Structure formats: structure tokens, C-alpha cells
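Q: okay, sequence plus prediction incoming.
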Number of protein chains: 2
Amino acid sequence: MNYVLACLTQINNGTNSVTVKARGRAISRAVDVAQVLTKRFATDITVKSISINTEQVKSTVSGGMNNVSSIEIKLQK
Amino acid sequence: MNYVLACLTQINNGTNSVTVKARGRAISRAVDVAQVLTKRFATDITVKSISINTEQVKSTVSGGMNNVSSIEIKLQK
């Protein structure tokens, strides 16, 4: 809900597009944020594009590199 | 990894497109599957389209309806 509020604040300040990014297990939350925004709070906003990718993140345990999926959801007024 | 194998089996059987769907917290796993497939196992496959939506699911606890985010990733040869 904090992320929804952050997006709404940006939009109400006059921005026309907001990008929601997440990686790993937070990806589902990014989708939640986009859905709550477009379906409930700002129905004039639509999903412009969604892209998925892989990022390399350094493991805090082994020190090696791990592949982590990421998502980028572009919302537009 | 089971889902990656399932997709690969379909593709090797001659299918040209595979759709990976998930909802709720499994969304990040669907993205993982798509990324592992396109980046490692079947580099001739590309992400054709991604769509997100909201589904109504009956709660097993309260019996009421809950909104759950869902994702649909279309992969194409």
C-alpha cells in the first residue's frame, strides 16, 4: 500500500508516467501495486508496457553471482 | 525447474508458442521460468507478450471473494 501511495503522489504532482520495478520474490508485489492503481485508485491510468529481465546480484552468503528475475511495469496517464 | 521442463517438452513436441500463467505469490516463479527458458535452455524462444490482470478467488478462510493479481507470459519460437 505504501508503493501505491508513492505512485499516486507522483501522479498527483503532475507526472504522466510512473515505472514500478521489482526483482525476485517482490515481483508479485509490483504486479499488485500496478493492479490496485489501475483498477481502484487511478482508473485513468493504464499499463503501457511490461518487460521482464534477469539481473546479476552478488550473494551475501557465498559471495558469488546469482541470477535474479526482474520486472518493469510502465504506467501511463 | 519442473515448469521449465514442461515448457521444453511442449516446444520439442512441435508447439510454436507456450503460455506461462500464475497468480499471487507464484507470479515471480512464472517470470523465473520465462527467463530460464529464454536465456538458458531455448535461446530461439522469445517473450512475445506479457499481460497482468486481477482475478477473484474465493477465500477458504472467510468464504468471501479476494482479489488476486495474475500474470500471463506468452513465449514464442
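A: Now that the structure is in, tell me what you want to look at. Residues are numbered from 1 along each chain as shown, chains lettered A, B, ... in the order given.
Q: per-residue pLDDT, the residue of chain A most remote from its centre?
A: Computed with Cα atoms, centre = their mean, the maximum C-alpha offset from the centroid of chain A is found at residue A:62, amounting to 28.1 Å. pLDDT recorded at residue A:62 is 86.
Q: tell me if it really is in a helix.
A: No. Counting by DSSP: H, G, I helix; E, B strand; the rest coil, residue A:62 falls outside a helix, being coil.
Q: all helices for chain A, in order.
A: Secondary structure of chain A, counting by DSSP state H: helices at A:2-12, A:27-36.
Q: which residues are contacting the last one?
A: For helix A:27-36, contacts defined as Cβ atoms under 8 Å, 6 or more residues apart in numbering or on different chains pick out A:1, A:3-4, A:7, A:20-22, A:47, A:69-71, A:73, A:75, B:24-28, B:31, B:52-54, B:67, B:69-71. Quick note: C-beta positions are derived from backbone N, CA and C, even for glycine.
Q: ok, the first one next?
A: When contacts are defined by Cβ under 8 Å, 6+ apart, helix A:2-12 is touched by residues A:18, A:20, A:29, A:30, A:33, A:36, A:37, A:41, A:42, A:45, A:75, A:77.
Q: which members of these are classed as buried?
A: Using 16 or more other Cβ atoms under 10 Å in any protein chain shown as the burial test, those include A:18, A:20, A:29, A:30, A:33, A:36, A:37, A:42, A:45, A:75 as buried.
Q: report the separation between the closest residue to the fourth one other than its chain neighbours and residue B:22.
A: Yep, that's residue A:30 we're talking about. Distance criterion Cβ to Cβ, 6 or more residues apart in numbering or on different chains; nearest residue to residue A:30, sequence neighbours excluded, is residue A:22 at 3.6 Å. In this structure, residue A:22 and residue B:22 are 15 Å apart, going by Cβ to Cβ, to the nearest Å.
Q: quick one on the thing from earlier: quick check: the farthest pair among the contacts of helix A:2-12?
A: Farthest pair in the contacts of helix A:2-12 (Cβ to Cβ) is A:29 and A:77. Separation: 22.2 Å.
Q: state the distance from the most centrally placed residue in chain A to chain B.
A: For chain A, residue A:20 is the residue whose C-alpha lies nearest the centre (Cα atoms, centre = their mean; 2.3 Å). For residue A:20, the distance to chain B (Cβ to the nearest Cβ, to the nearest Å) stands at 11 Å.
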